[in-house]
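K.L.:
Pasted the sequence and its predicted model underneath.
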Amino acid sequence: MSGLEDLYREIILDHYRNPRNRGELACPPARRAEGFNPLCGDEIVVYLDVDAQGRVSDVKIAGQGCSISQSSASMMSAAVKGRTLDEVRALNRAFKALMTIHESRLEHDEGDGSGTDTPVPDPAVDLGDLAALQGVVRFPVRIKCATLAWNTLTTGLEELAPSA
Amino acid sequence: MSGLEDLYREIILDHYRNPRNRGELACPPARRAEGFNPLCGDEIVVYLDVDAQGRVSDVKIAGQGCSISQSSASMMSAAVKGRTLDEVRALNRAFKALMTIHESRLEHDEGDGSGTDTPVPDPAVDLGDLAALQGVVRFPVRIKCATLAWNTLTTGLEELAPSA
Amino acid sequence: MAAMSPVADLPSRLDVLDVAAIRAEFPIFERCRRRPLVYLDSAASSQKPRAVIQAMAGYYESCHANVHRGVYALAEEATSRYEQARAAVGRFIHAPSTREVVFTKNATEALNLVAFAWGRANLGRGDVVVLTEMEHHANLVPWLMVAEQVGVELRYLGITDEGHLDLSRLEATLEGAKVVALTAMSNVLGTLNPVRRVADAAHDAGAVVVVDASQYVPHLPTDVTALGADFLAFTGHKMLGPTGIGVLWGREAVLEAMPPFLGGGEMIRDVRLDGYTPNELPWKFEAGTPPIAEAVGLAAAIEVLDGIGMDAVRAHEMALTGYALGALDARFGSDLVVHGPRTPGDRGGVLSFGFKDVHPHDVAQVLDESGICVRAGHHCAKPLLRRLGVSATTRASWYLYNDESDVEALAQALDACSDLFCL
Amino acid sequence: MAAMSPVADLPSRLDVLDVAAIRAEFPIFERCRRRPLVYLDSAASSQKPRAVIQAMAGYYESCHANVHRGVYALAEEATSRYEQARAAVGRFIHAPSTREVVFTKNATEALNLVAFAWGRANLGRGDVVVLTEMEHHANLVPWLMVAEQVGVELRYLGITDEGHLDLSRLEATLEGAKVVALTAMSNVLGTLNPVRRVADAAHDAGAVVVVDASQYVPHLPTDVTALGADFLAFTGHKMLGPTGIGVLWGREAVLEAMPPFLGGGEMIRDVRLDGYTPNELPWKFEAGTPPIAEAVGLAAAIEVLDGIGMDAVRAHEMALTGYALGALDARFGSDLVVHGPRTPGDRGGVLSFGFKDVHPHDVAQVLDESGICVRAGHHCAKPLLRRLGVSATTRASWYLYNDESDVEALAQALDACSDLFCL
Ligand SMILES: Cc1ncc(COP(=O)(O)O)c(C=O)c1O
Ligand SMILES: Cc1ncc(COP(=O)(O)O)c(C=O)c1O
């Protein structure tokens, strides 16, 4: 079961069994963003409190789904809490880069890069626990599970401050 | 060219080059029926004069199309002229029987005969020149050319006297 | 007249099929992947026997041409093979006439054809369309779209807790209905619906009956007249046939009275700059170059199924369903919750279940590691899953090439799943 | 910017292709029928190379599963091959994004999709739709149906006596137009239309441009942006690919703003009992199980065409067209009347003609006796044939597997035809 062990690393199962930052926040002041994977029915709700300094002062996760989407959401919540929005965006880019190779192979042109802006990994960003999700790229269908929380977070952030 | 010679018998080419009963009749008193083969654009117009005794006193053919549809129409006109409507119907049935084997193979179920009332040849009916069209059954696509004139005639007859 | 279910009295027997011999006809089982293939996803799409693959290759290698419009022998041969496939399909479902058999691209297009061509001609604001809560999206979304465009009222027959159609208020629900569209067999619950009973009541109410037989035709002997259907839709790729082809059967009088669906070549008799005249049945509903090779492949699939016998296929699947229900229950008890009827005679070979707290995505992933293919998700029946109170299920489904060993493999791999996720 | 015709400056050369080697890749030419096959009906449907037939058989033999919904490796592989086929199609027509490539069942469905999904959302009573007199029924009937349902005004660009689009009143005709739908190449006349010129004028008038490229994509290098199209439709079976698959390309922004076409699985994101949310592009327009094996086959066809090079295909066909025009003219003079442009650079490899007084049906029949396959009839372009003043033509059309010997065989058999019918 070497392939599976690569997917379901101990740290992932730990986040799945003991999800961090599970719960809700009162809205307002918190923002609420909902994400949804139509293929498998996974649902993530991200609650986000951003303070006056543009720092994520609190984050909570609700919803349900498979071990990958749930652990990814849990890891993300731990990673972004206390970070500035810029740091969060850098993390997001780094995580997307980790997940990208296969997603682009699946959905987009090879080689010519047309229509896609493929994120490039930034070695300066430390993904921490999230790096354990790297094994997911070998299972293309699950990439959407792993990125669901991040896509939901992005939606929430865009509402806060649309970037150029 | 044995197959072709079977299709384009001399008598057929003769009717094609020298069509009988070509022309129009004044309507009324004559009836006019139009037939059309959507696959190839062949068009036949049959003009029909039926006297008080139910006899085809005159028939004319107009329209254009391939050698098979034109010669079949010409032969038909010669065959039905002067006949009673009952005789015409018998001829029609006999001709359809001649043409049927392959048409049913092409369009309908084999064996179970569902949905089709396959005409049975009547040995008592003499088809005359029309028998030369027998070679057409070996060329299924052309069957519709050969039967176009007869189908048109049938339409004309139905308008005259809907049969039980 | 045993009208309720035309299949109720078919026997359930595991020895009717020589599964090893059947499997040998499916090249995919020979492939040496990481491990033997345990294919339990035939409800999504079946595998293809050599005869089907070869029929299509042979067609392209020896007699391809476009159909219906060619004088030359090659085109005639292609046309004849295409129309013979139509006749074979007609015989397979006991259609009264070949003119009633329309080739589409899949079951979904067939159902859209009915909703749009029949629906737009016959439905107006406030008219009632009756569906069921267990429909596949293919038999829901087209009606939702018609509702949006025309403004019809949608009503639903609910389901009981065992996953049967709830017919307790059937007559009341049908009152004023113009169309009733229901699945003959649920692709999630496996439930075989009493189509004839509903159809009789629908006809009494003056409604037209649309049957989604996508899961039925591949697995049970089908007689469109006995079912009481006015329309019946199914799809080639679930019945050993190729992708790219589906079938709509419709009663001749109903099809005759309908306007066409898509416009283009084949389906017309004449075109002018300001109008057109539609062609005869069945071509009126076949716009453009049809799935010719796919029809040849589907005819080959039907020949395979006919050779084995649909009674035998049904008997085998019913027995295997009984075996699976028993084996899984014995092994996992209440840790494994099966959705749908518990009686094999009431259902087809589709088993949706929940396993402990493990998410179906994870179950399917772990099973895949043992070479076992099952579906996880909503199976294109989201309203039904909401009704069941789950967001996803794991679904195992079988066909004539599966046997007890596949069920055993499933059970063993579920143990592994338990080891990984449940401490 | 040489915008008028993106192909005008491609060379015409008969030695660019090794036709014997190419023919050897098409199994149908090996079959020993009554006589060697002289296939001159590629405008109706092309023959298939071994690589395409084997790609599909190989797909069924080793990795078939339903796409998009499966977690297991087999389903992932099938999905990946299906989506890779989409990417290959996108590259082949230089689509800016794969999201713009929608698989349909044929070109006809693609054009219906535009007429109905885009048309119903954007056209109202009195709106103007501009077509041409040389359209195939596939690009006419859908618009006639929309006209019937919505009440739009249809206008037509006429043709000149040499079979070119008559652009003398282009701007006036386009005034107030919301959509212009035209063929890139006529399947009867062979005419290559100045798509870019019409598209620019149409865009100036505020209209959306729909290009029927069914006869264009198989034979010339295609760049959707250079053509100035908003939508572009073509069909797999005319470009060495299988039946059962077609393509609609559409500009992303236009597709995004459109409602879906058919409803069912794949095309939705969520379904409730009272409504649905459509899926993302391109799946929003792909309802039901798609033509998976057919996409794999089409990708293989594209690989073959790419390997040979579309420039070379065009150069070869243009040269062969020049050869045929010359040879037939030399042999038959005014006894053989070719419809459409006389300059090979203005046309594709499709030659419709009248031969003496012999009806095209009879011509085709006699040619078949010599193993020569040509079409006879209206070629699904009845309004054009009315304009030409004929009820049928004989049409010979070539592709990369044809050469001068095929033209010679045609000429010889026409002599036989003359002997039989003309005393
Ligand atoms: C110009 C043109 N448009 C559309 C079509 C329709 O293609 P299909 O029948 O594959 O839908 C054809 C071919 O028949 C064609 O020649
Ligand atoms: C019950 C039911 N109806 C309709 C369909 C749709 O079939 P297709 O995707 O081939 O159109 C399916 C299969 O996906 C099904 O299970």
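P.N.:
That came in fine, so what should we check first? Numbering: from 1, shown residues only, chains lettered A, B, ... in the order given. Ligands and ions are numbered 1, 2, ... in the order given.
K.L.:
contacting residues for the residue sitting nearest the centre point of chain C?
P.N.:
In chain C, the C-alpha nearest the mean C-alpha coordinate belongs to C:Ser214, at 1.1 Å (Cα atoms, centre = their mean). C:Ser214 is in contact with C:Ala107, C:His136, C:Ala138, C:Thr183, C:Asn187, C:Ala233, C:Phe234, C:Thr235, C:Lys238, counting by Cβ atoms under 8 Å, 6 or more residues apart in numbering or on different chains. (C-beta placed from N, C-alpha, C; glycine too.)
K.L.:
C:Ile53 and D:Tyr72, how far apart?
P.N.:
Computed as Cβ to Cβ, to the nearest Å, the C:Ile53 to D:Tyr72 distance reads 22 Å.
K.L.:
The worst-scoring helix or strand of chain C on mean pLDDT close to ligand 1?
P.N.:
When the helices and strands of chain C are compared on mean pLDDT, DSSP states H and E, strand C:268-272 comes out lowest with a mean of 89. No - counting by Cβ under 6 Å from any ligand atom, no contacts exist between strand C:268-272 and ligand 1, the nearest distance being 12.3 Å.
K.L.:
what's the distance between C:Ala287 and C:Leu262?
P.N.:
4 Å.
K.L.:
let me redo that: A:Leu133
P.N.:
45 Å.
K.L.:
would A:Leu148 count as being in a strand?
P.N.:
No - A:Leu148 is assigned helix when assessed by DSSP: H, G, I helix; E, B strand; the rest coil, not a strand.
K.L.:
Against chain C, how distant is it?
P.N.:
Going from A:Leu148 to chain C by Cβ to the nearest Cβ, to the nearest Å gives 12 Å.
K.L.:
sorry, back to before: return the set of buried residues in the least confident helix or strand of chain C.
P.N.:
Buried positions in strand C:268-272, judged by neighbour count with 16 or more other Cβ atoms under 10 Å in any protein chain shown: C:Ile268, C:Arg269, C:Val271.
K.L.:
show me what contacts the first one?
P.N.:
Neighbouring residues of C:Ile268 by Cβ under 8 Å, 6+ apart: B:Pro38, C:Tyr276, C:Thr277, C:Pro278, C:Asn279, D:His137, D:Val141.
K.L.:
Leaving out sequence neighbours, find the closest residue to it.
P.N.:
Spatial nearest neighbour of C:Ile268, excluding adjacent residues (Cβ to Cβ, 6 or more residues apart in numbering or on different chains): C:Tyr276 at 5.1 Å.
K.L.:
for the record, mean pLDDT for stretch C:128-139?
P.N.:
The predicted model gives stretch C:128-139 an average pLDDT of 98.
K.L.:
rewinding a little: which neighbours do C:Ala287 and C:Leu262 have in common?
P.N.:
Contacts common to C:Ala287 and C:Leu262, judged by Cβ under 8 Å, 6+ apart, are D:Thr108, D:Glu109, D:Asn112.
K.L.:
what does the helix or strand where the second one lies contact?
P.N.:
Of the helices and strands defined by DSSP states H and E, D:Glu109 is found in helix D:107-113. Applying Cβ under 8 Å, 6+ apart, the external contacts of helix D:107-113 come out as C:105, C:262-265, C:287-289, D:102, D:104, D:138-139, D:142, D:181, D:210, D:212, D:214, D:233-235, D:246-248, D:261, D:285.
K.L.:
filter the residues you listed down to the ones near ligand 1?
P.N.:
Filtering the contacts of helix D:107-113 for proximity to ligand 1 (criterion: Cβ under 6 Å from any ligand atom) leaves C:Gly265, C:Gly288, C:Thr289, D:Ala138, D:Asn139, D:Asp212, D:Ser214, D:Thr235, D:Gly246.
K.L.:
Could you tell me which of those residues are located in strands?
P.N.:
Mapping these onto strands (DSSP state E) picks out D:Asp212, D:Thr235, D:Gly246.
K.L.:
how about these in JSON lines, adding distance to chain A?
P.N.:
Below are these laid out as JSON lines (distance: Cβ to the nearest Cβ, whole Å):
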{"residue": "D:Asp212", "distance to chain A": "24"}
{"residue": "D:Thr235", "distance to chain A": "22"}
{"residue": "D:Gly246", "distance to chain A": "20"}
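K.L.:
What is the nearest of these to chain C?
P.N.:
Nearest to chain C out of those is D:Thr235 (Cβ to the nearest Cβ; 6.7 Å).
K.L.:
In space, what's closest to the closest one - neighbours in sequence excluded?
P.N.:
Spatial nearest neighbour of D:Thr235, chain neighbours left out: D:Ala107 (3.7 Å); criterion: Cβ to Cβ, 6+ apart.
K.L.:
Can you give me the distance of that neighbour to ligand 1?
P.N.:
From D:Ala107 across to ligand 1, the span is 4 Å (Cβ to the nearest ligand atom, to the nearest Å).
K.L.:
That residue: how many residues sit nearby?
P.N.:
When neighbours are counted by other Cβ atoms under 10 Å in any protein chain shown, D:Ala107 registers 31.
K.L.:
show me what contacts residue 40?
P.N.:
Here I'm looking at chain A. A:Gly65, A:Cys66, A:Cys145, C:Pro360, C:His361, C:Ala376, C:Gly377, C:His378, C:Ala392.
K.L.:
My question was about chain C, not that one.
P.N.:
Taking Cβ under 8 Å, 6+ apart, one finds C:Ile372, C:Cys373, C:Val374, C:Ala396, C:Ser397, C:Trp398, C:Asn402, C:Asp406, C:Leu410 in contact with C:Leu40.
K.L.:
For the residues you listed, give me CSV that also has neighbour count, secondary structure and distance to ligand 1.
P.N.:
Shown next, in CSV, are the contacts of C:Leu40 (neighbours: other Cβ atoms under 10 Å in any protein chain shown; DSSP: H, G, I helix; E, B strand; the rest coil; distance: Cβ to the nearest ligand atom, whole Å):
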residue, neighbour count, secondary structure, distance to ligand 1
C:Ile372, 25, strand, 39
C:Cys373, 23, strand, 33
C:Val374, 28, coil, 37
C:Ala396, 26, strand, 38
C:Ser397, 28, strand, 34
C:Trp398, 25, coil, 37
C:Asn402, 25, coil, 37
C:Asp406, 21, helix, 40
C:Leu410, 23, helix, 43
